[in-house]
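Asks: Fold the following, please.
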Amino acid sequence: MPNVTRLPKPANDRLLQLHIELTWIKPAIWRRVAVPERITLSKLHQVNAGR
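Replies: Numbers count the residues shown, from 1 in each chain. Predicted coordinates:
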């Protein structure tokens, strides 16, 4: 399991639930993740890459 650093969640930050799917692979490979609504694209990439 990768080492994950969890940041404290601000009290007013909502979570978004994302469904990420590789559609060109059959059967499709997917994962569901919950991320803060203010996540940066760089951080979202790290979440998706499992870092």
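Asks: Next, the contact list for the closest residue to residue 29 other than its chain neighbours, please.
Replies: Spatial nearest neighbour of residue 29, excluding adjacent residues (C-beta to C-beta, 6 or more residues apart in numbering): residue 22 at 4.6 Å. Where C-beta positions appear, they are placed from N, C-alpha and C, glycine not excepted. Residue 22 is in contact with 28, 29, 30, counting by C-beta atoms under 8 Å, 6 or more residues apart in numbering.
Asks: Quick check: the first one touching residue 21?
Replies: This points to residue 28. Yes - with contact defined as C-beta atoms under 8 Å, residue 28 counts as touching residue 21 (5.3 Å).
Asks: Who has more neighbours out of these two?
Replies: residue 21 (12 against 9; other C-beta atoms under 10 Å).
Asks: what's the spacing between that one and residue 36?
Replies: The gap separating residue 21 from residue 36 is 21 Å, by C-beta to C-beta, to the nearest Å.
Asks: Name the SS class of residue 44, please.
Replies: helix (DSSP: H, G, I helix; E, B strand; the rest coil).
Asks: where's the nearest residue to it once chain neighbours are set aside, which helix or strand?
Replies: Leaving out its chain neighbours, the residue that sits closest to residue 44 by C-beta to C-beta, 6+ apart is residue 35, at 6.4 Å. According to DSSP states H and E, residue 35 maps onto strand 29-36.
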